[in-house]
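[1] Next one to model:
(chains A and B)
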Amino acid sequence: MKTPYEGVAIVGAYNTIQAKQLPGWTEPALVLDAIRGALGDAGLTPADVDGVNVSTWVTQLNSRTVCQWFGGRPSWTGTSHPGVESVLEAAAAIQSGQAHTVVIATAQCGEYTDRESTVSWTRPENEFVECWGLYTAAEFALMAQRHMHIYGTPRAALSEVAASIRSNGALNPDAVFYGRECSPAEVEASRMVADPFRLLDCCITSEGGAAIVLTSTERAKDLDVEPIYVLGGALDRQGNSYVTAPVWERYGWVGRRAAEMTFEQCGLSPKDVDFAELYDPFSFEIIRQLEAFGFCKEGEGADFVLEGRIRIDGDLPVATNGGILSYSHAGVAQLLQKPIAAVQQLRGQLAPDLTLHEPKVALATNGGSGALFCDVMALGKEQV
Amino acid sequence: MSSATPSPAIPLPRPTTLSKPFWDACREGRLTVQQCNDCQAYTFIPQPCCGECLSEKLEWVESSGRGTLYSFSTVYRPQQPMFEVPYTVVIVELEEGYHMLSNLLGVEPEDVAIGTKLQVAFEERSDEITLPYFRVANDA
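    The predicted model follows:
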């Protein structure tokens, strides 16, 4: 069928080194490393790039500055934040003929300095939020608690999600938590952070960079690379994050509209998805997304995960590189790392124990219920 | 215990032109909310227009300050060190139907339950700021 981005292919995907902290690195240095890595992966040269989208959190690096790195040659700059939204924006620019080859890059480091407080970007400054001691984990916990109340979602399901994803990271040599195996019992025994979330239910914090390169399918044919196609994608935004109360009945299914539009664009349905790089800031968010996107019915996400279906050997492996629970959670770079993980898995580039048998269709998502936004995209090894 | 009065050193709201009427009323021990004079819908947090019909005819009206505990999280790892743990963050569903974030005072973590009837309890935090906490309603 005719899909919205059928003339576009992802040809380069690259993550820099990821670590709890990267002393000696700066964000611009990580971005440059990421850009070189992604262009190298694609077999492209800097002169091929005519579109750029770069932003960083701490040093506020921007696209036009990075265009200067390219000698001022690129003509198109993206304005979307890193992640699914920036990939869709770049794909639309190529599809509409505004650009031919776009590099998207970001990085984060130098942010983790205060061990007594939660990471600064998890702390909302809004006058109706901050004074109550809220931060990201507590915001998402308010959603999880309500879901558990309505559907009887058991604590064990949360532990199974965290253990499944962290087990993937344990097998990924590039993961910050490589070698750190994790069982549901260990999740259950970890210290309480914000009820119902225990420490191992929560994503890690780390540093690193990432970049992705898109070009036209015509151009991709000339490259010695396996192109990955953007089959569809859409956003679901419901106002500012961490300002209004995260009310389940109002915002709990955020992302559903994006998933429905994504599937409609490419004529696929949840049963066609081979694996899902779902956004995993907290264990519960996987259960929520499975329900919101139609992989199971509302309230049945716990059963879905407790049957082992999101494990690497299950029928819908989730966060196959270890996700932000275990692979890396480098500020905003992690958003771009979801589509990158999908590309790498579709190409068979992950460690052997994490490599799925000929996957064809992947989902990648950014954002979750506590943040009141959730973007979705579908990627494929072939056009549909 | 969670009933401890939160430390006065916590970060306090910095009222804006939009929110000043809310915080002024809190200082007088009144919980208020914006109501639309066109469609009667309530809007919270403060906005320049009605969230239902975009009318600018919003009026600050008194809320009953009574509601039910909609969801909660008892926090053991504080946002910042000046917050004394554990503390319980709640979403309160007010009788008028709107929701607000707050802290629950006077309830042990194991006793917190969705559906509990609550009422607002003001605590002065500075000359300018009095915060609207919630406690279990007297008649609950």
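
[2] got the residues of chain B near chain A?
    Applying Cβ under 8 Å from any Cβ of the partner chain, we find that chain B lies next to chain A at B:6, B:10-16, B:19, B:44-45, B:70-81, B:83, B:87, B:89, B:91, B:99-103, B:109, B:114, B:125, B:131. Where you see a C-beta, it was placed from the backbone N, CA and C, and this is true even at glycine.

[3] Which of the residues you listed fall within strands?
    Among the residues of chain B next to chain A, the members found in strands (DSSP state E) are B:70-75, B:87, B:89, B:91, B:99-103, B:131.

[4] Buried only: go through the residues you listed for me.
    B:70-75, B:87, B:89, B:91, B:99-103, B:131 (16 or more other Cβ atoms under 10 Å in any protein chain shown).

[5] tell me the contacts of residue 66?
    This is for chain A. Shown in contact with A:Val66 (Cβ atoms under 8 Å, 6 or more residues apart in numbering or on different chains): A:Val31, A:Ile35, A:Val52, A:Val54, A:Ala105.

[6] my question was about chain B
    B:Leu94, B:Glu95, B:Lys117, B:Leu118, B:Gln119, B:Val120, B:Ala137.

[7] circling back to that earlier point, relative to A:Gly308, which of the buried ones among the ones in strands among the residues of chain B next to chain A is nearest.
    Closest approach between these and A:Gly308, by Cβ to Cβ: B:Ser73, at 28.2 Å.

[8] which SS state does the residue of chain B positioned farthest from its centre fall under?
    Ranked by distance from the centre of chain B (Cα atoms, centre = their mean), the top residue is B:Asp38, with 25.1 Å. Under DSSP: H, G, I helix; E, B strand; the rest coil, the three-state class of B:Asp38 is coil.

[9] quick one: the helices in the stretch 251-384 of chain A?
    A:256-266, A:283-292, A:301-306, A:333-346 (DSSP state H, counting those that start in this stretch).

[10] For chain B, which of the ones you listed is the nearest?
    helix A:283-292 (11.4 Å; Cβ to the nearest Cβ).

[11] can I have the closest one written out in PDB, keeping just the CAs?
    The C-alpha trace of helix A:283-292 is given here as PDB (Å, rounded to 0.1, in the frame of the first residue of the first chain):
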ATOM      1  CA  SER A 283       8.000  -1.100  34.600                       C
ATOM      2  CA  PHE A 284       4.300  -0.300  34.600                       C
ATOM      3  CA  GLU A 285       4.500   1.700  31.400                       C
ATOM      4  CA  ILE A 286       5.000  -1.400  29.400                       C
ATOM      5  CA  ILE A 287       1.800  -2.900  30.700                       C
ATOM      6  CA  ARG A 288       0.000   0.300  29.900                       C
ATOM      7  CA  GLN A 289       1.300   0.500  26.400                       C
ATOM      8  CA  LEU A 290       0.500  -3.100  25.600                       C
ATOM      9  CA  GLU A 291      -3.100  -2.300  26.600                       C
ATOM     10  CA  ALA A 292      -3.200   1.200  25.000                       C
END
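
[12] If we ignore the residues flanking it in sequence, what's nearest the residue nearest the centre of chain A?
    With distances taken as Cα atoms, centre = their mean, A:Lys338 lies nearest the centre of chain A, 3.0 Å away. Leaving aside its chain neighbours, A:Lys338 sits nearest to A:Ala364 (4.2 Å; criterion: Cβ to Cβ, 6 or more residues apart in numbering or on different chains).

[13] Please report how far that neighbour lies from chain B.
    28 Å (Cβ to the nearest Cβ, to the nearest Å).

[14] For the helices of the stretch 251-384 of chain A, could you give me CSV that also reports mean pLDDT?
    Converted to CSV, the helices of the stretch 251-384 of chain A look like this (pLDDT from 0 to 100):
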stretch, mean pLDDT
helix A:256-266, 98
helix A:283-292, 98
helix A:301-306, 98
helix A:333-346, 98
